[in-house]
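A.B. asks: Sequence and predicted structure are below.
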Amino acid sequence: MKAQTPLAKAYGKFRAVIGATVLFSFFSNILMFVGPLYMLQVYDRVLASRNELTLIMISAIAIALLVTYGLLEFIRSKLLVRAGLQFDEMLATPSFNRVIRNQLSNPNGAGHTTLQDVDRVREFMTGQGILAFFDAPWVPLFLALCFAFHPWLGMVATVGAVIIFCLALANEFATRGLLKEAGSANQGASHFVNTTMQNAEVIRALGMEKQLTKRWQKQHDDVLDKQARASGRAGGIMASTKFVRMTLQIAILGTGAYLAIQQQISPGIMIAASIVMGRALAPVEQAVGQWKQFVAARQSHQRLTQIFGSFDDEEERMQLPAPKGNLNVQGLIATAPGAKPGMGNSRPALLKGVSFSIAQGEVLAVIGPSGSGKSTLVRHLVGAAQPQAGSVRLDGTELHHWDAAQLGRHMGYMPQDVKLFRGSVSENISRFVEDASDKEIVAAASLSGAHEMIQTLSEGYDTDVGDGGHSLSGGQRQRVGLARAVFRDPNLIVLDEPNSNLDAHGEQALAACIQEMKSRGKTVVIVTHKANLLALTDKTLMLVNGSVEKFGSTREMFAQQAQAQQQAKEAQEKQKTSAAQSPAVVNMSDKPRA
């Protein structure tokens, strides 16, 4: 039997509160009879007897009951708010975890909206929308009272409730499809804006603003069109609901007046029936008014159900001994994350049976032309992607068997495009670890050669890097990213094009850092083509079209390459010499004899 998801557990916790809320709703709706009964007593008893003491007594009783009603409403609302906080608390961490995992498996997806979906569901469950559903079961009670007053009054109220309920159903069927399409289109437009704004410099430099604006405007107009059509239909139904509501008020008063003239009911019953009918129709009207929020919450619930069904809770892993840095890759096959299936439901392989191994303290260079799979290999080496087949083992244990937090403490990683997080330089270097000491942070910065650079910043280590680290230059981000990678001396460091934005001084600091890490017995993997970094490596892995072209000792590989180039050069020179001598022979043979 499959274990309950955190979403199901959160809903289960909320259902326990619903029971208490329904109980409070029962007494709250019973106390709603205070108004019509008070009106009935005033018209039929006080005005007839002109007894002021009776008026004072029933007024005091009515006020006391209404105070009780107010307290019950307050407690009911408080229960829902507290339940909403518990709901959010139970889902906050699991939702964030699934957002990250969804983003890794499908970078082009809109998994980041999961957190917004949790907010929408929580807001609906703690707001006025759900209270209307709690009050709806008591509608028959108010209609029964109308029938008790007189069957005709009950019929008028019942017909009105049925008409308004039918209008609510019409609103659902008329707007459900459009609102769903509008929600999906809105998510797509928002995702387009978020990803586009990350490249604002490119947009302005290449003059792409108009083209991208047109593309966004087209998506935005599609959202507005669907929302406008849905709102237009909902608006027409809402107008019809208001018309029916006001017409019913006149109908119930008119019917009551006729019955009072015929002396079948008293004038007090006529007024009381009007109030009771209004209370009977109120939950239905509230449901119609809150329908848009209900639909949004329902769509959010469906997306939450899907993402929680797609990703199980990560199992707690046993804490393993700290890895030494022995890395072994066997038969690694990888596909593009989030790629659409092709022929035969298969995805194009980016890595095709990659195998190699490096021992503790060795430095590996990964080289190859663009698109050969270097960055894909790096993502698998740090556990950011799951292999389609094959394995990546650290000290003999597959990466996905390690506890993620423990593995992260012993691994350093600097991606090709370094993204920092909103916070200070020191917080980014320390990976936001709460118990990180200033000494450890400065040690990591000094090891990476970034200490002097950080001191030149406006606030030094306390400088806010901004969203994505955009308050720093590309080179500064790389140097802070390197300091983050070597924080607390991890045993495996993976660097993807670590010098793409570095100047000569930065490259010297990087080379010194790699040498120091090697001297400490750390395993280093570098994606690079720079000769000064290749000279620091022990082994080289060459990838071509996702396959291993060459793997071995860096010195031997480049010695063979140099020898092959020398032989090719000699052969070329020999060919040129032969070509130069060839015409001379021809001329001698063609020379006329004496």
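C.D. replies: Sure thing, it's come through. Numbers count the residues shown, from 1 in each chain.
A.B. asks: Now do the strands in this structure.
C.D. replies: Along the chain, counting by DSSP state E, strands occupy 327-335, 349-358, 363-367, 389-394, 397-398, 411-414, 492-496, 523-527, 539-544, 547-553.
A.B. asks: And the chain, what are its domain boundaries?
C.D. replies: For the chain, automatic domain parsing gives the domain ranges 6-310, 327-557.
A.B. asks: pLDDT (mean, whole number) over the last one?
C.D. replies: Per-residue pLDDT values across domain 327-557 average out to 90.
A.B. asks: chain center to stretch 431-451: distance?
C.D. replies: 30 Å (CA atoms, centre = their mean, to the nearest Å).
A.B. asks: Would you mind listing the buried residues in that stretch?
C.D. replies: Neighbour counts over stretch 431-451 (16 or more other CB atoms under 10 Å) mark 431, 436, 440-451 as buried. All C-beta atoms are positioned from the backbone trio N, CA, C, and that covers glycine.
A.B. asks: try stretch 358-373
C.D. replies: So stretch 358-373, judged by 16+ other CB under 10 Å, has buried residues 358, 361-368, 372-373.
A.B. asks: List every C-alpha atom in that stretch, with coordinates, as CSV.
C.D. replies: Extracted in CSV, the C-alpha atoms of stretch 358-373 (Å, rounded to 0.1, in the frame of the first residue of the first chain):
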residue,chain,number,x,y,z
ILE,A,358,39.7,8.7,-10.9
ALA,A,359,41.3,8.1,-7.5
GLN,A,360,41.5,10.4,-4.4
GLY,A,361,43.7,13.4,-5.0
GLU,A,362,43.7,13.2,-8.8
VAL,A,363,42.7,16.1,-11.0
LEU,A,364,40.6,15.3,-14.1
ALA,A,365,40.2,17.6,-17.1
VAL,A,366,37.0,17.1,-19.2
ILE,A,367,37.4,18.5,-22.7
GLY,A,368,35.5,18.3,-26.0
PRO,A,369,33.7,20.4,-28.5
SER,A,370,30.5,22.3,-27.7
GLY,A,371,27.5,20.0,-27.4
SER,A,372,29.6,17.0,-26.6
GLY,A,373,27.9,16.5,-23.2
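A.B. asks: Run through who's touching it.
C.D. replies: With CB atoms under 8 Å, 6 or more residues apart in numbering as the test, stretch 358-373 has contacts from 324-327, 334, 350-351, 354, 356, 374, 377-378, 491, 514, 518, 521-529, 533-534, 536-546, 549, 554.
A.B. asks: got TSV for the domains of the chain, with distance to Gln575 too?
C.D. replies: Converted to TSV, these look like this (distance: least, CB to CB, whole Å):
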stretch	distance to Gln575
domain 6-310	46
domain 327-557	27
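A.B. asks: buried subset of the contacts of stretch 358-373?
C.D. replies: 324-327, 334, 350-351, 354, 356, 374, 377-378, 491, 514, 518, 522-528, 533-534, 536-543, 546, 554.
A.B. asks: Burial check on the nearest residue to Ala297 once chain neighbours are set aside, number of neighbours?
C.D. replies: Nearest residue to Ala297, sequence neighbours excluded (CB to CB, 6 or more residues apart in numbering): Phe124, at 3.7 Å. Look at Phe124: counted by other CB atoms under 10 Å, it has 21 neighbours.
A.B. asks: which residues touch Leu510?
C.D. replies: Taking CB under 8 Å, 6+ apart, we find Leu510 in contact with 448-449, 482, 498-499, 502, 533.
A.B. asks: where's it relative to Val442, distance?
C.D. replies: Leu510 sits 18 Å away from Val442, going by CB to CB, to the nearest Å.
A.B. asks: With Ala436 instead?
C.D. replies: 11 Å.
A.B. asks: Also Arg279?
C.D. replies: Distance of Arg279 to Val442, given as CB to CB: 69 Å.
A.B. asks: what does Asn491 give?
C.D. replies: Asn491 is 21 Å from Val442, by CB to CB.
A.B. asks: can you check Ile18 too?
C.D. replies: To Val442, Ile18 is 54 Å away according to CB to CB.
A.B. asks: What score does the residue lying closest to Ser240 once chain neighbours are set aside have for pLDDT?
C.D. replies: Leaving aside its sequence neighbours, Ser240 sits nearest to Leu167 (CB to CB, 6+ apart; 5.8 Å). With respect to pLDDT, Leu167 scores 81.
A.B. asks: you'd agree Leu167 is up against Gly236?
C.D. replies: No. If you go by CB atoms under 8 Å, Leu167 and Gly236 don't touch, sitting 9.9 Å apart.
A.B. asks: who's more crowded, these two?
C.D. replies: Neighbour comparison, Leu167 and Gly236: the larger count goes to Leu167, with 19 against 14 (by other CB under 10 Å).
A.B. asks: and the more buried one, what does it touch?
C.D. replies: Taking CB under 8 Å, 6+ apart, we find Leu167 in contact with 237, 240-241, 244, 288.
A.B. asks: which one of the residues you listed has the most neighbours?
C.D. replies: Most neighbours among the contacts of Leu167, by other CB under 10 Å: Val288, with 26 neighbours.
A.B. asks: before we move on, the earlier item: measure the residue nearest to Ser240 to Gly177 for me?
C.D. replies: Taking CB to CB as the measure, Leu167 falls 18 Å from Gly177.
A.B. asks: Likewise for Gln290?
C.D. replies: Counting by CB to CB - Gln290 and Gly177 are separated by 19 Å.
A.B. asks: where do the helices sit along the stretch 151-300 of the chain?
C.D. replies: Along the stretch 151-300 of the chain, the segments classed as helices by DSSP state H, counting those that start in this stretch run 151-197, 200-205, 209-261, 267-289, 291-310.
A.B. asks: Which of the contacts of Leu167 sits closest to Ser25?
C.D. replies: Using CB to CB, Val288 comes nearest to Ser25 of these, at 19.1 Å.
A.B. asks: where are the low-confidence patches of the stretch 101-250 of the chain?
C.D. replies: Counting by pLDDT under 70, the stretch 101-250 of the chain contains low-confidence ranges at 107-112, 195, 198-199, 201-202, 204, 206.
A.B. asks: what's the burial count for the nearest residue to Arg76 once chain neighbours are set aside?
C.D. replies: With sequence-adjacent residues excluded and distances taken as CB to CB, 6+ apart, Arg76 is closest to Phe24, at 4.3 Å. When neighbours are counted by other CB under 10 Å, Phe24 registers 19.
A.B. asks: so Phe24 touches Leu71, yeah?
C.D. replies: No. If you go by CB under 8 Å, Phe24 and Leu71 don't touch, sitting 9.7 Å apart.
A.B. asks: if we can go back for a sec, roughly how far apart are the residue nearest to Ser240 and Arg101?
C.D. replies: 43 Å.
A.B. asks: do the same with Gln299
C.D. replies: Going from Gln299 to Arg101 by CB to CB gives 22 Å.
A.B. asks: Excluding covalently adjacent residues, which one is nearest to Val22?
C.D. replies: Using CB to CB, 6+ apart, the nearest residue to Val22 is Phe134, at 6.1 Å.
A.B. asks: got the contact list for Asp417?
C.D. replies: Listed by CB under 8 Å, 6+ apart, Asp417 has no contact partners.
A.B. asks: And for Gln264?
C.D. replies: Counted by CB under 8 Å, 6+ apart, Gln264 has contacts His150.
A.B. asks: I'd like to know how far it sits from Trp152.
C.D. replies: Taken as CB to CB, the span from Gln264 to Trp152 is 9 Å.
A.B. asks: Kindly report the same for Gly129.
C.D. replies: Gly129 is 34 Å from Trp152, by CB to CB.
A.B. asks: picking that back up, helices - which of the contacts of Leu510 land there?
C.D. replies: Taking DSSP state H, the ones among those that sit in helices are 448, 482, 533.
A.B. asks: Apart from its neighbours in sequence, what residue is nearest the second one?
C.D. replies: What that stands for is Leu482. Going by CB to CB, 6+ apart, Leu482 has Ser448 as its nearest residue, at 4.1 Å.
A.B. asks: Can you name the residues in contact with stretch 117-136?
C.D. replies: By CB under 8 Å, 6+ apart, the list of residues contacting stretch 117-136 reads 14, 21-22, 25, 29, 76-77, 80-81, 83-84, 87-88, 91-92, 95, 282-284, 286-287, 290, 293-294, 296-297, 300-301, 303-304.
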